[in-house]
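J.: build me a structure from this.
(one chain, ligands or ions: 1)
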Amino acid sequence: MNKPLLATLKGVAQPVPPLWLMRQAGRYLPEYRALRAEKGGFLALATDPDAAAEVTLQPIRRFGFDGAILFSDILMVPWALGQDLSFGAGEGPRLEPPLVDHALAALERVPERLEPVYATVRRVAGLLPSTTTFLGFAGSPWTVATYMVAGRGSKDQGETRRFAYNDPVAFQAIVDAIVAMTIDYLVAQADAGVEAVQLFDSWAGSLSPAQFERWVIAPNAAIVAALKARRPGLVVIGFPKGAGGKLPAYARETGVDALGLDETVDPVWAHANLPPDMPVQGNLDPLALIAGGEELDAGIDRILAALGERPHVFNLGHGIDQHTPIAHVERLIARVRG
Ligand code: CP3
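T.: Residues are numbered from 1 along each chain as shown. Take a look at the predicted model:
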């Protein structure tokens, strides 16, 4: 197989770890900013298959990453579940009406809102270099629910955590609706041409152990089981950001094929405590990439040394920051590829 990233995710360690960066298509790239300005906003860009395919390919052309990640957003699923979605300049995404005081049952499903995403996948699949692995993605139910309930991002997800305790039956219905839509969404991405998918659980770190079992592990396990039944060849990467000491349980219980580590996880601890043959992805601090220089080099070397004995995909511990210098990305790639 001539795809080092896909091979690694399937458990075959490579002599040089394959590399991609979360949020690699985005604002740190001048060519992204130019196309976004021309299209007039994020949603216009993400729903135009020609433009979204172009943005997906920009970082592949510029840097030759081993993986291309579909250009879209985790909030496309709430949009397909019937909430209005907007990305106002400088204020983050908004979903209306927020489910904290509006019933889920009042929303009308609009799955055809996801059609442009599948058109983007088909387009990109026909244009990628033969050695590049194509990654699809979705948000995990807990993280997506935090946006659906509050209607926006928040620092500690307090509104949604309170809602889940106060009305677990209503919250379970929201999670179940996200699970069902996400399964169809990822199956359709696979049928359109992605080879692996990542489940982003950006706010997994805000839950107590019991709530983590219920709202992170259980719904992700349900998604993985359905994907394995419907599309057995599809590889699944789980990324429960902030899960810390709950990572081994997540790895054992969800059925994901590979595990994304955020930058707070010690890679030496991860290697010692995760199943020995499980591929891991990560986990350079995005701020070390902004800093550059010797701090960057040392951070890279520490990760390579700790994870060299197992299948390892080099990545950041979270999305690349918009203020990251392009030259530092080039330095990172040169050092990892040696
Ligand atoms: O990785 C990639 O390059 C693929 C595309 C991608 C985007 N968002 C594009 C995007 C992916 C995988 C995401 C995931 C995503 N979106 C997450 C999970 C990962 C994480 O970062 O925690 C979350 C929580 C979201 C929700 C979201 N989308 C927020 C909070 C924001 C605003 C803040 C921000 O980073 O801009 C977005 C907008 C967004 N999604 C942008 C991009 C490139 C910026 C839009 C712009 O150009 O203004």
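J.: and the pLDDT for whichever residue of the stretch 51-200 of the chain sits closest to the ligand?
T.: The minimum distance from the stretch 51-200 of the chain to the ligand, using C-beta to the nearest ligand atom, falls at Phe200 (3.9 Å). Quick note: C-beta positions are derived from backbone N, CA and C, even for glycine. Reported pLDDT at Phe200 in the predicted model: 98.
J.: state the distance from it to Asn166.
T.: 26 Å (C-beta to C-beta, to the nearest Å).
J.: the two: who's more crowded?
T.: Phe200 (23 against 9; other C-beta atoms under 10 Å).
J.: which element is the more buried one on?
T.: According to DSSP states H and E, Phe200 maps onto strand 196-201.
J.: partners of that strand, with directions?
T.: strand 133-139 (parallel), strand 235-240 (parallel) (DSSP bridges).
J.: wait, Arg23 touches Gly319, no?
T.: Yes: at 3.2 Å, Arg23 counts as touching Gly319 under the criterion of C-beta atoms under 8 Å.
J.: what pairs with the residue of the stretch 51-200 of the chain closest to the ligand across the strands?
T.: With DSSP bridges as the criterion, Phe200 is bridged to Gly139, Phe239.
J.: correct me, but it touches Leu135?
T.: No: in this structure Phe200 lies outside contact range of Leu135 using C-beta under 8 Å: 11.3 Å.
J.: what residues does the stretch 201-338 of the chain have near the ligand?
T.: For the stretch 201-338 of the chain, the contact set with the ligand under C-beta under 6 Å from any ligand atom comprises 202, 319.
J.: can you rerun that using 8 Å?
T.: Within the stretch 201-338 of the chain, the positions adjacent to the ligand are 202-203, 239, 241, 318-319, 322 by C-beta under 8 Å from any ligand atom.
J.: wait, what's in contact with whatever residue of the chain ends up closest to the ligand?
T.: Here the chain gets closest to the ligand at one residue, Ser202, 3.2 Å apart by C-beta to the nearest ligand atom. Residues in contact with Ser202 (C-beta atoms under 8 Å, 6 or more residues apart in numbering) are 74, 139, 143, 239, 241, 318.
J.: who's in contact with the residue at minimal distance from the centre of the chain?
T.: The residue lying closest to the centre of the chain (C-alpha atoms, centre = their mean) is Phe200, at 3.9 Å. Phe200 sits next to 74, 137-140, 143, 239, 241 when contact means C-beta under 8 Å, 6+ apart.
J.: name the member of the residues you listed with the most neighbours.
T.: Ser140 (29 neighbours).
J.: one step back: so can I have CSV of the strands paired with strand 196-201 showing mean pLDDT and distance to Asp50?
T.: Listed next are the strands paired with strand 196-201 as CSV, based on pLDDT from 0 to 100; distance: least, C-beta to C-beta, whole Å:
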stretch, mean pLDDT, distance to Asp50
strand 133-139, 98, 17
strand 235-240, 98, 27
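J.: nearest to Gln83, of these?
T.: Proximity to Gln83, assessed across the strands paired with strand 196-201 by C-beta to C-beta, is greatest for strand 133-139 (13.4 Å).
J.: near the ligand at all, the closest one?
T.: Yes: counting by C-beta under 8 Å from any ligand atom, the ligand has neighbours in strand 133-139: 137, 139.
J.: and after that strand, which helix or strand comes next?
T.: helix 141-150.
J.: I'd assumed Gly242 was in a strand, is it?
T.: No: under DSSP: H, G, I helix; E, B strand; the rest coil, Gly242 falls outside any strand and is assigned coil.
J.: re earlier: the residue of the stretch 51-200 of the chain closest to the ligand and Ser140: what is the separation?
T.: The gap separating Phe200 from Ser140 is 6 Å, by C-beta to C-beta.
J.: buried sites along stretch 50-70?
T.: Neighbour counts over stretch 50-70 (16 or more other C-beta atoms under 10 Å) mark 51-60, 63, 65-70 as buried.
J.: contact partners for Ala270?
T.: Neighbouring residues of Ala270 by C-beta under 8 Å, 6+ apart: 247, 261, 280, 283, 306-307.
J.: among these, name the ones in helices.
T.: Counting by DSSP state H, these place 247, 306-307 in helices.
J.: where does Leu85 sit: helix, strand or coil?
T.: strand.
J.: partner residues bridging it?
T.: For Leu85, the beta-bridge partners are Leu95 (DSSP bridges).
J.: residues in contact with it?
T.: By C-beta under 8 Å, 6+ apart, the contact list for Leu85 reads 43, 75-76, 78-79, 93-95.
J.: phi first, then psi, for Ile69.
T.: phi -100, psi 130 (degrees, to the nearest 10).
J.: beta partners of the residue lying closest to it once chain neighbours are set aside?
T.: Counting by C-beta to C-beta, 6 or more residues apart in numbering, Ile69 lies nearest to Leu135, which is 4.5 Å off, once chain neighbours are set aside. Beta bridges link Leu135 to Ile69, Ala196 when assigned by DSSP bridges.
J.: count of residues packed around Leu135?
T.: When neighbours are defined as other C-beta under 10 Å, Leu135 has 23 of them.
J.: can you name the residues that contact it?
T.: When contacts are taken as C-beta under 8 Å, 6+ apart, Leu135 is in contact with 20, 67-70, 194-198, 237.
J.: just give me the closest of those to Thr120.
T.: Here the nearest of the contacts of Leu135 to Thr120, counting by C-beta to C-beta, is Leu70; it sits at 6.6 Å.
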